[in-house]
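1. Okay, here's the prediction I keep looking at, along with the sequence it came from:
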Amino acid sequence: MSLMRRLEGLGGAHPATPEAPEAPEKQAQEEKPEKPEKAVLPPPPAHSRIETAPPQGSKAGFRELKSRVQGRLIKELDPKLDVNDHVKVREVVLQLFEKILTEEGQLLPRSERTILFDAILAEIIGFGPIQPLLDDESVSEVMVNGPNKVFVERKGRLELTDVKFDDEGHVRRIIERIISPLGRRCDESSPLVDARLPDGSRVNAIIPPLALDGSTVTIRKFSKKPLTVDDLIRFGSLTPELAEFLGACVISRFNIIVSGGTGSGKTTLLNVLSSFIPDEERIITVEDAAELQLMQQHWVRLESRKPNIEGKGAVSIRDLVVNTLRMRPDRIVIGECRAGEALDMIQAMNTGHDGSLTTIHANNPKETISRLEVLVMMAGMDLPLAAIRKQISSAIQLIVQQERLRDGSRRVTYVTEVQGMEGDSVVLQDIFLYEQTGIDESGKILGHVKPTGLRPKYMQKITDAGIHLPPNIFGAQDHIF
């Protein structure tokens with residue numbers, strides 16, 4: 001990929017544009033016989049540090065210097081340079097950077113020189129001021145609220161950073177940098193867009209006039225190393241007993257819904273549950289933005305597509321779910337049900353595609369059923385409510401509720417079995433519940449998931465799969481299931 005598109009609009013100059021002659025006063029000033037400081041090479045990697053702000057008290061001067069050096073550097077860069085070869089680009093940019101600083105007679109301390117170089121390099125091959133935040137593994141989400149406020153989420157808590165953009169136009173250029181390789185647009189006629197970064201991180205951008213305080217960008221970061229069930233046990237999201245039960249349910253081909261609010265960890269839990277699927281089975285995943293990271297070899301990934309600039313070519317989740325039924329799936333995993341695809345998912349579960357998994361936004365298992373009813377109605381089939389409930393009760397065996405607690409921790413709070421119909425109502429039975437026991441001095445919530453002591457109605461399905469769970473999993477002491 002050429003640098004041409006990436007450099008358009010950056011630094012206010014196109015690479016092919018000849019450099020304008022400088023004013024005589026400026027030339028005279030730069031020709032003063034001042035011995036420049038010896039170049040100090042910033043240590044690689046380019047974005048491993050979290051130093052993102054210029055020295056206090058000189059922000060305006062830093063921005064002016066960055067703009068001037070960046071403008072000159074961009075004019076001298078070869079537009080045919082492959083932007084994907086980060087090592088080569090960094091090497092070339094470093095040479096030009098030192099040359100330009102020497103020519104301008106800039107005497108900068110090592111720390112300021114490093115920050116300036118990283119900021120310029122991030123503009124060329126990264127995503128500008130937020131690149132160090134994206135490289136910080138402790139950051140799970142980046143939120144740009146206009147050019148002057150950038151928040152991050154660390155360990156479930158929001159923090160205001162000292163990162164700032166130059167102006168509104170700077171934010172818009174970074175948005176364009178993100179969406180242009182995907183063929184998306186974000187302008188006044190289409191002021192909101194969903195996209196993803198090359199590493200899979202989910203991006204939402206919304207600009208004025210809809211965003212009143214400036215362009216807003218929300219990035220849900222994609223974990224480079226998928227979390228495992230052992231990680232969730234270590235974090236306290238699961239107990240070993242609950243993990244063993246959920247693993248048995250997945251292997252036994254239970255149809256499972258992971259429910260929860262935004263940012264509660266539904267996709268992470270779905271990914272962990274998917275890891276229990278046997279390697280010999282064919283898995284097809286359907287997502288709006290590809291986030292699942294399965295380890296199995298026979299895995300087919302499908303991703304929906306938004307309309308192009310002409311408003312054509314859209315492929316919805318529902319279209320993909322219908323198509324999976326023609327692809328001989330052993331397991332269907334839907335990233336999230338948001339609309340009419342819920343009907344197609346339930347139909348698939350009721351027609352031999354056992355072991356399907358998906359997520360849904362809901363506050364508790366009871367509301368999960370109600371929300372499923374609404375989503376099925378969105379399919380436009382005009383089905384009676386009694387028929388919808390009957391289909392849901394026969395399709396779903398287990399609801400796993402995930403929540404983000406007040407201290408930012410994420411916990412499984414309900415594991416609820418769908419036992420069928422009783423009259424016109426869907427019967428639910430809690431198998432595990434989260435019990436809060438207190439709050440420690442640091443504000444961390446203390447608690448654990450404990451069994452209710454009830455044996456699941458579908459326990460025979462686990463036994464038929466050749467899995468024998470110890471009695472302590474359900475709180476029983478005298479029976480081995």
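-> Happy to help now that I have it.
2. what's the spacing between the residue nearest the centre of the chain and E303?
-> The chain has R220 as the residue nearest its centroid, 3.3 Å off, counting by CA atoms, centre = their mean. To E303, R220 is 15 Å away according to CB to CB, to the nearest Å. No exception for glycine: its C-beta is placed from N, CA and C like everyone else's.
3. same check, this time on D424
-> 38 Å.
4. Endpoints of stretch 236-243, how far apart?
-> 11 Å (CA to CA, to the nearest Å).
5. In that stretch, which residues are buried?
-> G236, S237, L238, T239, E241, L242, A243 (16 or more other CB atoms under 10 Å).
6. just those now: which is nearest E168?
-> Using CB to CB, S237 comes nearest to E168 of the buried residues of stretch 236-243, at 39.5 Å.
7. element containing that closest one?
-> Using DSSP states H and E, S237 sits in no helix or strand.
8. residues contacting it?
-> G265, L269, Q402, S409, R410, R411, V412 (CB atoms under 8 Å, 6 or more residues apart in numbering).
9. So which of D424 and E303 has more stuff around it?
-> Taking other CB atoms under 10 Å, D424 and E303 do not tie; E303 has more neighbours (16 against 9).
10. In three-state terms, how would the closest residue to that one other than its chain neighbours be classified?
-> Closest residue in space to E303, ignoring its immediate chain neighbours: A290 at 5.0 Å, by CB to CB, 6 or more residues apart in numbering. Here A290 is recorded as coil under DSSP: H, G, I helix; E, B strand; the rest coil.
11. and the gap between A290 and S201?
-> Using CB to CB, A290 is found at 11 Å from S201.
12. circling back: quick one: which of the buried residues of stretch 236-243 is nearest M143?
-> Among those, and counting by CB to CB, the member closest to M143 is S237, at 23.3 Å.
13. for the closest one, phi and psi?
-> Main-chain torsions, S237, degrees, to the nearest 10: phi -70, psi -30.
14. for the buried residues of stretch 236-243, which one is nearest I74?
-> S237 (46.4 Å).
15. Just confirm I178 contacts A205, I think it does.
-> Yes: applying CB atoms under 8 Å as the test, I178 and A205 come out as touching, 7.3 Å apart.
16. Compare the two (neighbour count), which wins?
-> The neighbour comparison of I178 against A205 (other CB under 10 Å) goes to A205, with 25 against 21.
17. Check the secondary structure at that one for me.
-> strand.
18. So what pairs up with it in the strands?
-> Beta-bridge partners for A205, by DSSP bridges, are V193, V217.
19. same deal with E403?
-> Counting by DSSP bridges, E403 is bridged to R411.
20. Count the residues that sit near it.
-> As a burial measure, E403 scores 20 neighbours (other CB under 10 Å).
21. Let me know the pLDDT of it.
-> pLDDT, E403: 94.
22. That one contacts Q436, correct?
-> No: E403 lies out of contact with Q436 (CB under 8 Å); the separation is 11.0 Å.
23. and for these two, which residues touch both?
-> In terms of CB under 8 Å, 6+ apart, E403 and Q436 are not both contacted by any residue.
24. shaky segments in the stretch 101-250 of the chain?
-> Within the stretch 101-250 of the chain, no stretch falls below the threshold (pLDDT under 70).
25. ranges for the helices of the stretch 51-200 of the chain?
-> 59-76, 86-104, 110-125, 131-135, 168-179 (DSSP state H, counting those that start in this stretch).
26. Kindly report the same for the stretch 201-350 of the chain.
-> For the stretch 201-350 of the chain, the helices defined by DSSP H, counting those that start in this stretch cover 229-235, 240-251, 266-274, 317-324, 341-349.
27. immediately after the last one, which helix or strand?
-> Using DSSP H and E, the helix or strand that directly follows helix 341-349 along the chain is strand 357-361.
28. Listing partners with orientation, what would you give for that following strand?
-> For strand 357-361, pairing defined by DSSP bridges yields strand 256-260 (parallel), strand 331-334 (parallel).
29. give me the low-pLDDT residue ranges for the stretch 251-400 of the chain?
-> For the stretch 251-400 of the chain, applying pLDDT under 70 flags the ranges 309.
30. As a markdown table, the strands paired with strand 357-361 with mean neighbour count would be great.
-> A markdown table is the format used below for the strands paired with strand 357-361 (neighbours: other CB atoms under 10 Å):
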| stretch | mean neighbour count |
| --- | --- |
| strand 256-260 | 27 |
| strand 331-334 | 26 |
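31. Please go through the chain and pick out the longest strand.
-> Ranked by residue count under DSSP state E, the longest strand found in the chain is strand 425-439.
32. quick one: that strand to chain centroid distance?
-> Relative to the centre of its chain, strand 425-439 is centred 28 Å away, using CA atoms, centre = their mean, to the nearest Å.
33. That strand: which residues count as buried?
-> In terms of neighbour count (16+ other CB under 10 Å), strand 425-439 has its buried residues at V426, L428, I431, F432, Y434.
34. Now do stretch 123-140: distance from first to last residue.
-> Terminal residues of stretch 123-140 are spaced 22 Å apart (CA to CA).
35. Run through the residues that contact P129.
-> T52, A119, A122, V150, V163, K164, F165, H170.
36. and those residues as TSV, adding distance to S111 and neighbour count?
-> Output for the contacts of P129, formatted as TSV (distance: CB to CB, whole Å; neighbours: other CB atoms under 10 Å):
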residue	distance to S111	neighbour count
T52	13	21
A119	13	23
A122	17	21
V150	21	23
V163	17	21
K164	18	19
F165	22	22
H170	23	17
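37. now, which of the residues you listed sits nearest G380?
-> Relative to G380, the closest of those is V150; by CB to CB it sits at 41.4 Å.
38. does V286 have beta-bridge partners, and which?
-> Beta-bridge pairing for V286 (DSSP bridges): L302, I334.
39. Any idea how many residues pack against it?
-> V286 has 28 neighbouring residues, counting by other CB under 10 Å.
40. Could you check how far K450 is from V321?
-> Noted for K450: a distance of 36 Å to V321, by CB to CB.
41. Tell me which of the two has more neighbours.
-> V321 (26 against 14).
42. Spit out the contact partners of that one.
-> Residues counted as contacts of V321 (CB under 8 Å, 6+ apart) are V286, I332, I334, E341, D344, M345, A348.
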